[in-house]
Structure formats: structure tokens, C-alpha cells
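Q: below: sequence and its predicted model.
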Amino acid sequence: MNNTVYLAYDYPVLGAFWTAMWVFLWVLWIFLLFRIIADLFRDDSLSGWAKTGWLVFVVLLPFLGVFVYVCVRGAGMGRREAQHAKSQQHEVDEYIRKTAGSGGGSSADELAKLAEMKSAGHLSEEEFQQAKQKILS
């Protein structure tokens, strides 16, 4: 007697579901692998040899390497990602401030603002003259 059990392929929809699930898990694993490699290169606390060791481990034994990396260094991955995003945002903000400040308004507009500040009493005559010289030079 042949007691073979065909679980998924007796029902084609179930077979398609299992195939879709395995593809999803494979894509998820590939995504995690790239995140780990990016985290390795982003981390300034690791030496070059430690980064090389982790990279060789993750590349030569991919499944085991990824799981061990997540267990050992996974807690800091989110912190390093947030720090990287914060530094990128800071750089973008600095660039916007620099470009908007340098080419923003004309010197006539800046002089008009200075005159308004002086007439409102926010600037003394001496401060007004210093700022005016700075704008005109």
C-alpha cells in the first residue's frame, strides 16, 4: 500500500499560497541581508578587521551569518539607522540654510529689514552701522 500524502498539490490554491509565502520569505531574507551589510559599513565602532570578519561570515554562511548577526548586534541596528537618518537630515538642513542664506534676498531687502529693526528699537545706531557695513561689503 502506498500511503503518500500530497499536502499542497492536491489543492492548487494551497500550492500557490505556499509558493507565494516562500518567495515572500526569500525576498524578506534578501532585504535583511542588504540591511545587515549596510549596517556593517555604517558602524564606526567596528574596526576594519571586525567588519571584514562579519562580512565574510554573512557571505560564506548566509543564513547562519544573518541570524547570528541579528542576535548579536541586532539591538543596535535601529539606533545606528536613526543616527544615520538624523545626520542626513542635519546635512540637508545645513545645505538648505547655506543656499537660502547666500542667494536669498538682495542687499536692499536686508537693509530695509535692518532699518525696520532700528526703527522698532531692536538695534542701536552702532549695531545698525556694523550690520550695514557687513551687508554692503
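A: Received, thanks.
Q: the strand or helix carrying K113 packs against which elements?
A: According to DSSP states H and E, K113 maps onto helix 107-119. Using 3 or more CB pairs under 8 Å, 6 or more residues apart in numbering; DSSP states H and E, the elements in contact with helix 107-119 are helix 125-136. (Each C-beta comes from the backbone N, C-alpha and C, glycine too.)
Q: and the angle from the helix it packs on to helix 107-119?
A: Counting by axes from the mean of the first three to the mean of the last three CA atoms, to 10 degrees, helix 125-136 points 170 degrees away from the direction of helix 107-119.
Q: starting at the chain centroid, how far to helix 125-136?
A: 42 Å (CA atoms, centre = their mean, to the nearest Å).
Q: before we move on, what about stretch 27-37?
A: Counting by CA atoms, centre = their mean, stretch 27-37 is centred 15 Å from the centre of its parent chain.
Q: sort out which residues of that stretch are buried, please.
A: Residues 33, 36-37 are the ones in stretch 27-37 that count as buried (16 or more other CB atoms under 10 Å).
Q: what's the average pLDDT for the strand or helix carrying F24?
A: Secondary structure assigned from DSSP H and E places F24 in helix 12-42. When pLDDT is averaged over helix 12-42, the result is 89.
Q: name the helices or strands packed onto that helix?
A: helix 48-60, helix 62-103.
Q: what angle separates the shortest one from helix 12-42?
A: When you say that, I think you mean helix 48-60. Here the directions of helix 48-60 and helix 12-42 differ by 170 degrees (the same axes, to 10 degrees).
Q: count of neighbours near V66?
A: Using other CB atoms under 10 Å, V66 has 19 other residues around it.
Q: ok, now how distant is it from A38?
A: Note on V66: its distance to A38, by CB to CB, to the nearest Å, is 13 Å.
Q: could you pull up phi and psi at G121?
A: phi 90, psi 10 (degrees, to the nearest 10).
Q: need the residues that contact the helix holding K113.
A: 123, 125, 128, 131-132, 135-136 (CB atoms under 8 Å, 6 or more residues apart in numbering).
Q: show me which of these is closest to A20.
A: Distance to A20 across the contacts of helix 107-119 (CB to CB) is lowest for I135, with 65.0 Å.
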